[in-house]
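1. Sequence and predicted structure, then a few things I'm wondering about:
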Amino acid sequence: MGSVSHLLLQLVVILAAARLLAWVLRGLGQPPVIGEMVAGILLGPIVFGALAPGLQAWLFPHGQLAALEGLSQVGLVLFMFIVGAELRAPGGVCERITAAGWIGVLGVLLPMALGFAIAPHLYQHLAPAGVGFWPFALFMAVSMAITAFPTMARILKDRDMTRSALGQLALTAAAIADVFAWIMLALVVALISTHGGWSGFARTLIGLVAVAAIGFGVLRPLVAWILARHAADGRPGGVVLSLLLVCTFAMAAATEWLGLHPVFGAFLFGACLPRDNRLLETLIERFEHVAVLVLMPVFFALAGLNTTSDALTGTGLAALMLILATAVIGKVLGAGAGARIAGLGWRDAFATGALMNARGLMELIVLKIGLDAGVIGTEIFTMLMIMAILTTLMTTPMLDLCLRGTRPPEVATVAPPRRY
């Protein structure tokens, strides 16, 4: 079979499995992304490779997946561009910024502290050869601290809680937590890419600051002027959208050149855009559906191909349980404690902790960055991927348990949440 035909067959299998599992999980009250992540694991060596190793090896030959890798990278860049464009404080943030700050900060600090605490044990048994302890420990801390803002938004929308006071507070806290965690991740990747050399690390950080300065100091006012002149209604046409794509890929290439990951540049440029909901709706309509429905399932499949069944046997299973317990306890107690300090009752505090425990796609992006950088191996990647799925799966049941018999009051909102 020709290479193009083989690629098309791979896409048929990946997209069909992703849509089928998304449909099944959606029927169980879960966001579609969980089904698509599960589909990625099923197509990997743990399930498909165990049931039909010859067929799986023929369909996804090791070392011959460059085309799929390219598609997944484009999907990641487009998705993170939209995430950056969407990142904003929900309505009335000035009234709840202190409360959201307590939730967001403690919802990051406690999981990070627990991640550091378990890092020595995991490093001894699971760290790749040649990786220093501190880069590994820092990455484990960051991987525990991620909250999936888009996944949380989807869960809240499905429960008609997007406009509730609790929902708005949780979304604001998640935005704070994710910005904090992504800054930490950028520092970890910079440290890894320079092999621990402080001079190289400093150059990478200076380069990242320069890219951010160009984005916010030059591109932001330039794009705002272009949009005001050529898209006053907030709905740019093909030429302006092409320009936005050029800037997105240029920023992604810049952070890749710095030794970081392209998603950082794409996210930065998205964050540079004017906070216009009409513009956001156009970007979602034109770009996100292609990225989410076509390209992101490819990313999930490639992630699944990097898993290993060794993570589910013997000491690997014990390590998985340790990681899962650490992730859940850190997020639920950390965010819950922040909510209590902010004045919420016990029920709402634990509901907030349950929402912050959702990790979804954002966690998987972080894990793939760590795997590509070489700071984690396939065994711990598999454990963390399973943790991301399970913590997101348990969010809706935990939320139902915490809010049983209550109905949150409705308030105004600003940004429309997306399907992830």
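-> Noted; the coordinates are in hand.
2. those helices in the stretch 251-400 of the chain, which residues are they?
-> 262-272, 277-283, 289-290, 296-305, 315-341, 346-356, 360-373, 378-393, 395-402 (DSSP state H, counting those that start in this stretch).
3. Serialize those to CSV and add fields for mean neighbour count and distance to A141.
-> C-beta coordinates here come from the backbone N, C-alpha and C atoms, glycine included. CSV is the format used below for these (neighbours: other C-beta atoms under 10 Å; distance: least, C-beta to C-beta, whole Å):
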stretch, mean neighbour count, distance to A141
helix 262-272, 26, 18
helix 277-283, 18, 32
helix 289-290, 12, 34
helix 296-305, 26, 21
helix 315-341, 20, 10
helix 346-356, 25, 16
helix 360-373, 24, 11
helix 378-393, 23, 12
helix 395-402, 18, 21
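4. Of these, which is nearest A181?
-> helix 360-373 (8.0 Å; C-beta to C-beta).
5. How far off centre is the closest one?
-> Its chain's C-alpha centre and that of helix 360-373 lie 7 Å apart, by C-alpha atoms, centre = their mean, to the nearest Å.
6. Please save the CA atoms from that helix in CSV.
-> C-alpha atoms of helix 360-373 as CSV (Å, rounded to 0.1, in the frame of the first residue of the first chain):
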residue,chain,number,x,y,z
GLY,A,360,-8.1,16.2,30.4
LEU,A,361,-6.3,17.3,27.2
MET,A,362,-4.1,19.9,28.8
GLU,A,363,-2.4,17.3,31.0
LEU,A,364,-1.8,15.1,28.0
ILE,A,365,-0.2,18.0,26.2
VAL,A,366,2.1,18.6,29.2
LEU,A,367,3.0,14.9,29.3
LYS,A,368,3.8,14.7,25.5
ILE,A,369,6.1,17.7,26.0
GLY,A,370,7.9,15.9,28.8
LEU,A,371,8.2,12.7,26.8
ASP,A,372,9.5,14.6,23.7
ALA,A,373,12.0,16.4,26.0
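7. now for the helices of the stretch 251-400 of the chain, which one comes closest to P221?
-> With C-beta to C-beta as the yardstick, what comes closest out of those is helix 262-272 (9.4 Å).
8. what's the closest one packed up against?
-> Packing contacts for helix 262-272, counted by 3 or more C-beta pairs under 8 Å, 6 or more residues apart in numbering; DSSP states H and E, involve helix 66-86, helix 165-193, helix 198-214, helix 238-257.
9. Let me see the residues that make contact with that helix.
-> Contact with helix 262-272 is made by 73, 76-78, 80-87, 182, 186, 208, 211-212, 215-216, 219-220, 223, 247-256, 365, 369, as judged by C-beta atoms under 8 Å, 6 or more residues apart in numbering.
10. Return the distance of stretch 348-365 from the chain's centre.
-> The chain centroid and the centroid of stretch 348-365 are separated by 11 Å under C-alpha atoms, centre = their mean.
11. And stretch 130-140, by the same measure?
-> Computed by C-alpha atoms, centre = their mean, the chain-centroid distance of stretch 130-140 equals 20 Å.
12. quick one: the most centrally placed residue in the chain and L126, what's the gap?
-> The structure's the chain has its C-alpha centroid closest to M362; by C-alpha atoms, centre = their mean the separation is 0.8 Å. M362 is 22 Å from L126, where distance means C-beta to C-beta, to the nearest Å.
13. still on that earlier bit, and the residue nearest to the centre of the chain, what does it touch?
-> Taking C-beta under 8 Å, 6+ apart as the contact definition, M362 lies against 146-151, 178.
14. at 10 Å instead, please
-> 33, 79-80, 83, 146-152, 174, 178, 181-182, 388, 420 (C-beta atoms under 10 Å, 6 or more residues apart in numbering).
15. swap in G338?
-> Residues in contact with G338 (C-beta under 10 Å, 6+ apart) are 99-110, 173, 177, 344, 349, 352-353, 356.
16. Just give me the neighbour total for D160.
-> When neighbours are defined as other C-beta atoms under 10 Å, D160 has 12 of them.
17. May I have the secondary structure class of it?
-> coil (DSSP: H, G, I helix; E, B strand; the rest coil).
18. Where does the prediction get shaky in the stretch 1-150 of the chain?
-> 1-2, 87-96 (pLDDT under 70).
19. ranges for the strands of it?
-> Remark: no strands are assigned in the stretch 1-150 of the chain by DSSP state E, counting those that start in this stretch.
20. now the helices for it?
-> Taking DSSP H, counting those that start in this stretch, the helices of the stretch 1-150 of the chain run over residues 3-27, 32-42, 48-51, 53-59, 66-86, 93-126, 133-145, 149-158.
21. do you know which of these lies nearest L320?
-> For these, the distance to L320 is smallest for helix 93-126, at 10.6 Å, taking C-beta to C-beta.
22. what angle sits between the closest one and helix 378-393?
-> Angle, helix 93-126 to helix 378-393, by axes from the mean of the first three to the mean of the last three C-alpha atoms, to 10 degrees: 150 degrees.
23. now for helix 93-126, which elements pack on it?
-> Identification of packing neighbours for helix 93-126 by 3 or more C-beta pairs under 10 Å, 6 or more residues apart in numbering; DSSP states H and E yields helix 133-145, helix 165-193, helix 315-341, helix 346-356, helix 378-393.
24. Recalculate using a threshold of 7 Å.
-> Here helix 93-126 touches helix 133-145, helix 165-193, helix 315-341, helix 378-393, going by 3 or more C-beta pairs under 7 Å, 6 or more residues apart in numbering; DSSP states H and E.
25. what's the model's confidence in the longest one, averaged?
-> Same thing as helix 165-193. The average pLDDT for helix 165-193 rounds to 78.
26. Now do the buried residues in that helix.
-> Of all the residues in helix 165-193, those buried under the rule 16 or more other C-beta atoms under 10 Å are 165-182, 184-193.
27. got the angle for it vs helix 198-214?
-> Using the same axes, to 10 degrees, helix 165-193 lies at 140 degrees relative to helix 198-214.
28. got it, and the first one?
-> Using the same axes, to 10 degrees, the interaxial angle of helix 133-145 with respect to helix 198-214 works out to 40 degrees.
29. re the thing from before, now render the helices of the stretch 1-150 of the chain as CSV, adding distance to E281 and mean neighbour count.
-> As requested, the helices of the stretch 1-150 of the chain are exported to CSV (distance: least, C-beta to C-beta, whole Å; neighbours: other C-beta atoms under 10 Å):
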stretch, distance to E281, mean neighbour count
helix 3-27, 23, 16
helix 32-42, 20, 25
helix 48-51, 38, 16
helix 53-59, 38, 12
helix 66-86, 10, 21
helix 93-126, 20, 20
helix 133-145, 30, 24
helix 149-158, 15, 24
